[in-house]
Structures are given as structure tokens and as C-alpha cells.
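sequence and predicted structure, then a few things I'm wondering about:
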Amino acid sequence: MLRNRCLTFAAALLALSLAACEKKDGEGPAERAGKQVDKAVEQAGKTMDKAAESAKEGAKQLVDKTKDAAK
């Protein structure tokens, strides 16, 4: 009976110790790294959109100049 009480006490102590070690923000290193990857991908997407818009504008200007030269 004493052995059961000791085991129960040890299990409760272990559970409390693990609960105390839990991070308050709930983020581990993998989650933080994932968020950084998400931000990097989002920024790369924005940069690609800007580059595509710039290329589109440049192509439009080239077409306009070609039309003017053909006249």
C-alpha cells in the first residue's frame, strides 16, 4: 500500500513538473521555424508579383514603341 502511494505521488509530481515546463506561448522551435518559412514564402511571392508587373509594363511599352515604329 505504501508502494502504491509512493508511485501515485511520484506520478503526480512528474505530471506537475512537465506542466510547469510547458511554454506559455505554445510555440516550439519547429512552429517558430514554420512561421519564418511562411513569412519568407509570402515575401518571395510579393517580390515575384512586383517583378511580373514590371515585366508586363515593360512588354507593353515595347509593343507600343514597335507599333509607333511600324507606322
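Nice, I can see it.

for this protein, just list every one of the helices.
For the chain, applying DSSP state H gives helices covering 2-21, 29-70.

hey, least reliable of those helices by pLDDT?
Confidence, taken as mean pLDDT, is least for helix 2-21 of the helices of the chain (a mean of 73).

centroid residue for the chain?
Lys35 (2.3 Å; Cα atoms, centre = their mean).

quick check: chain neighbours aside, which residue is closest to that one?
Glu27 (7.9 Å; Cβ to Cβ, 6 or more residues apart in numbering). Where you see a C-beta, it was placed from the backbone N, CA and C, and this is true even at glycine.

now for the one you found, how many residues are close by?
Glu27 has 12 neighbours, counted by other Cβ atoms under 10 Å.

please report the distance of it from Gln43.
20 Å (Cβ to Cβ, to the nearest Å).

go on, Ala52?
On the measure of Cβ to Cβ, Ala52 and Gln43 end up 15 Å apart.

now do Asp64
On the measure of Cβ to Cβ, Asp64 and Gln43 end up 32 Å apart.

same deal with Met1?
Using Cβ to Cβ, Met1 is found at 63 Å from Gln43.

ok, the two, which is more surrounded?
Gln43 (10 against 5).

from one end of stretch 14-32 to the other, what's the distance?
Using Cα to Cα, to the nearest Å, the end-to-end distance of stretch 14-32 comes to 27 Å.

stretch 14-34 now?
Terminal residues of stretch 14-34 lie 30 Å apart, using Cα to Cα.

start the count at 793 instead of 1 going forward.
Okay, using 793 as the starting number, the last item reads as stretch 806-826.

measure the residue located most distally from the centre of the chain to Lys852 for me?
Largest separation from the mean C-alpha position in the chain: Lys863, at 52.5 Å (Cα atoms, centre = their mean). Applying Cβ to Cβ, the value for Lys863 to Lys852 is 17 Å.
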